[in-house]
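Student: Sequence plus the predicted model coming up.
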Amino acid sequence: MGDNRNMFLAIGLSLAVIVLWQFFFIEPQLDAQRQVEQQQQVLNQQTDAVDAASPNAAAPGSDIPSAPRAEGSDTPQAQTPGGDLTAATTAPRVPIETPSVDGSINLAGGRLDDLKLKNYHVTPDKSSDEVVLLAPAGTAEPYFVETGWVPATGQDIAVPTSATVWELTTGERLTPDTPITLSWDNGAGVVFNRTISVDDHYMFTVEQTVTNNTEEPIALHPYSRVRREGQIETLGYFILHEGFIGVLGEEGLVQESYKNVAEDGTQALAHSGSGWLGITDKYWATTVIPDPGTTFTPRFLYRTPNGVPAYQADYLADALTIAPGESTAVNNRVFAGAKKTKLIQSYEDSLSIDRFNLLIDWGWFYFITKPMFYLLDFIQGIVGNFGVAILIATVLVKLLFFPLAQRAYTSMAKMKALQPKIKQMQERYKDDRVKQQQAMMELYKKEKVNPLAGCIPIVIQIPVFFSLYKTLFVSIEMRHAPFFGWIHDLSAPDPTTVFNLFGLLPFDPMAVPMIGSFLHIGVWPLIMGVTMWLQMKMNPSPPDPTQAMIFNIMPIFFTFLLASFPAGLVIYWAWNNSLSVLQQYVIMRRHGVKVELWGNISGLFKRGDKKKSAT
């Protein structure tokens, strides 16, 4: 009986624990989740309303022209002045004028949807069109930022929508010295105000104020979103992220491609208490940034209104309750511009934006890539040319690793001095490979020579090569950075090609079907190939014919391979090869070892003469 009573007591306690757990823990979580889902549903309804009212909601194949793109450029060219605005809406606009951007704010919806970057052009030619970052609905590639309010669950409040035409109450144009204020009265006792300011660069601050003149408290959720429409073409490099991006509290850095979000439809991300999110390109980005400490729910969204793809990064902040007769204000920021390294870092530091520096894709090896950028940027600040900075940085890196390279080349010189003895051992033990290897290892040990020492200079060069490649590829500071002569952009391939005599012939080899891409062999790739060939000819040819053939083909292979790489990287490789040849030459002469360079080169002609005489 006692055992049964204890069993029933245990069952009763277990049920009590389950009920209490459900009541105090599970139910509040479910309620919070239901509220978030309801709020997201309201935001979705507003998004759908925007899609339905959008002038750009055209069926595929419509006559809306595509924004022209410059050859080799990742950014659309500027469209005809005025044409993009009239196509979008007839609502008034407020001009934007700063040292870095120009454009306008659309009073219909209070959108930031017209922005050009004054300091960046489509091509290296300064007279070319400015880069267009944001464009209104109704143009070929709409791209805009919008902030607003969503009523909390159970609230029936008229809030401004994307079609609302705001009244400009303060200011005539937005400048770093003159913010503007927009106002809208819902006619039911609630007044909405929006103050927009901008700094000298790319950071906009939006302060939204709600004044409740009713007799009941109201509750609203602030939101902000970045929206981009149309078929988005990315560069498609695996080392570069383009698409959705954000830093979301404990989730950290979140990156999603357009393709992944399109396949998923909507990605409601983890509830976040800090961070930012938006859309990034190679050099430009547009992000929305809640005030630090604001709790919000982020989301990546994909829709196809009327068959037009639309990508959106947005967040919905927790509801704010405004008592009767009171006002509540909330701030958020919008970054829309160029991803300049020092500027991004300064925003992170001065505005306490959580890990904002991750907006620039330095990659997994950022601890190598970022120092390389800062080194190049520092030298460029002194000499005024990034190409010269690459040459100087290469010398500094060579000096840094000089002790390792010195040991490597010294060991290589000793190896060369041992070649006669090695050949004797190969002849003596030509029928016994095991004894041959044992004898050679004993010789290396006795003479304190490392047969793998020749790999050290190459191993040292790999991280330097990668960091420089990544720096040239992702940092906007390198974009359109000139060197000398025909190199007007270190981040782009050498524009010349040997197959039309470097421009002397009126012929474009790249236009040749199938093989055109392989015919782009410029001056600097050829210089790089020659220096690589000279470096290999510093050493005696391998006795194995297969190895000798591979060594002879490698410079040709790398010439074709690096021809499509950024010119700055090819210049670095050619310069590094030249320094290595000089360094190895000095070390070999110091150890009394014959340099095989001239002998190997003359031997090529002698072999040719022998073949002729044999025939």
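Tutor: Okay, I see it.
Student: ok, which stretches of the stretch 501-615 of the chain are helices?
Tutor: Assigned by DSSP state H, counting those that start in this stretch, the helices in the stretch 501-615 of the chain fall at 523-536, 545-562, 567-590, 597-614.
Student: no wait, the stretch 251-400 of the chain
Tutor: With helices called from DSSP H, counting those that start in this stretch, the stretch 251-400 of the chain shows them at 258-264, 341-351, 366-383, 386-400.
Student: Tabulate these (a markdown table), appending distance to Val122.
Tutor: Every C-beta, even on glycine, is put in place using the N, C-alpha and C of the backbone. A markdown table is the format used below for these (distance: least, C-beta to C-beta, whole Å):
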| stretch | distance to Val122 |
| --- | --- |
| helix 258-264 | 22 |
| helix 341-351 | 21 |
| helix 366-383 | 23 |
| helix 386-400 | 20 |
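Student: thinking again about what came up before, ok, which of the helices of the stretch 501-615 of the chain comes nearest Asp361?
Tutor: Shortest distance between Asp361 and the helices of the stretch 501-615 of the chain, using C-beta to C-beta, is found for helix 567-590: 17.3 Å.
Student: what angle sits between that closest one and helix 366-383?
Tutor: Per axes from the mean of the first three to the mean of the last three C-alpha atoms, to 10 degrees, the angle that helix 567-590 makes with helix 366-383 is 90 degrees.
Student: Domain boundaries for the chain, per the record?
Tutor: Under the assignment automatic domain parsing, the domains of the chain span 29-361, 369-614.
Student: among those, which is the most enclosed?
Tutor: Highest mean neighbour count of the domains of the chain: domain 29-361, a mean of 18 (counted as mean count of other C-beta atoms under 10 Å).
Student: tell me the average confidence for that one?
Tutor: When pLDDT is averaged over domain 29-361, the result is 83.
Student: and what of stretch 575-583?
Tutor: 88.
Student: Show me what that stretch is in contact with.
Tutor: 390-391, 394-395, 398, 405, 409, 457, 461, 528, 531-532, 534-535, 538, 597 (C-beta atoms under 8 Å, 6 or more residues apart in numbering).
Student: try stretch 94-106
Tutor: 85, 88-89, 91, 93, 107, 111-119, 130, 133-134, 136, 144, 168, 171-176, 180, 196, 198-202, 336-337.
Student: shouldn't Leu117 be in contact with Val131?
Tutor: Yes - between Leu117 and Val131 there is a contact under C-beta atoms under 8 Å: 4.5 Å.
Student: what residues are shared contacts of the two?
Tutor: Residues touching both Leu117 and Val131 by C-beta under 8 Å, 6+ apart: Trp284.
Student: Where does Ile196 fall, secondary structure wise?
Tutor: strand 190-198 (DSSP states H and E).
Student: Direction included, what does that strand pair up with?
Tutor: strand 180-185 (antiparallel), strand 203-212 (antiparallel) (DSSP bridges).
Student: Extract the residue ranges of the stretch 501-615 of the chain that are flagged as low pLDDT.
Tutor: 516, 539-545, 591-615 (pLDDT under 70).
Student: 80 instead, please
Tutor: Scanning the stretch 501-615 of the chain with the threshold set as pLDDT under 80 gives 501-505, 507-519, 536-552, 584, 587-615.
Student: Could you pull out the strands in the stretch 301-450 of the chain for me?
Tutor: Assigned by DSSP state E, counting those that start in this stretch, the stretch 301-450 of the chain shows strands spanning 310-317, 320-322, 327-338.
Student: Which neighbouring elements make contact with the last one?
Tutor: For strand 327-338, the elements it packs on are strand 111-121, strand 130-134, strand 143-151, strand 203-212, strand 218-229, strand 284-290, strand 320-322, judged by 3 or more C-beta pairs under 8 Å, 6 or more residues apart in numbering; DSSP states H and E.
Student: Same list, the ones you listed, but as a markdown table with distance to Ile157 please.
Tutor: Converted to a markdown table, the helices and strands packed on strand 327-338 look like this (distance: least, C-beta to C-beta, whole Å):
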| stretch | distance to Ile157 |
| --- | --- |
| strand 111-121 | 21 |
| strand 130-134 | 29 |
| strand 143-151 | 5 |
| strand 203-212 | 10 |
| strand 218-229 | 6 |
| strand 284-290 | 21 |
| strand 320-322 | 10 |
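Student: For Glu250, find the nearest of these.
Tutor: The minimum distance between Glu250 and those falls on strand 284-290, with 15.7 Å, by C-beta to C-beta.
Student: strand partners of that closest one, parallel vs antiparallel please.
Tutor: In the sheet, strand 284-290 lines up with strand 275-280 (antiparallel), strand 327-338 (antiparallel) (DSSP bridges).
Student: which other residues reach that strand?
Tutor: The contact list for strand 284-290 (C-beta under 8 Å, 6+ apart) reads 75, 117, 131, 133-134, 143, 145, 147, 224-226, 245-246, 275-280, 296, 313-315, 317, 332-339, 351, 353, 356, 359.
Student: again, only this time at 7 Å
Tutor: Residues outside strand 284-290 that contact it (C-beta atoms under 7 Å, 6 or more residues apart in numbering): 133-134, 145, 224-226, 276-279, 296, 315, 317, 332-339, 353, 359.
Student: ok, Ile556 to Asn577 distance?
Tutor: Distance of Ile556 to Asn577, computed by C-beta to C-beta, to the nearest Å: 15 Å.
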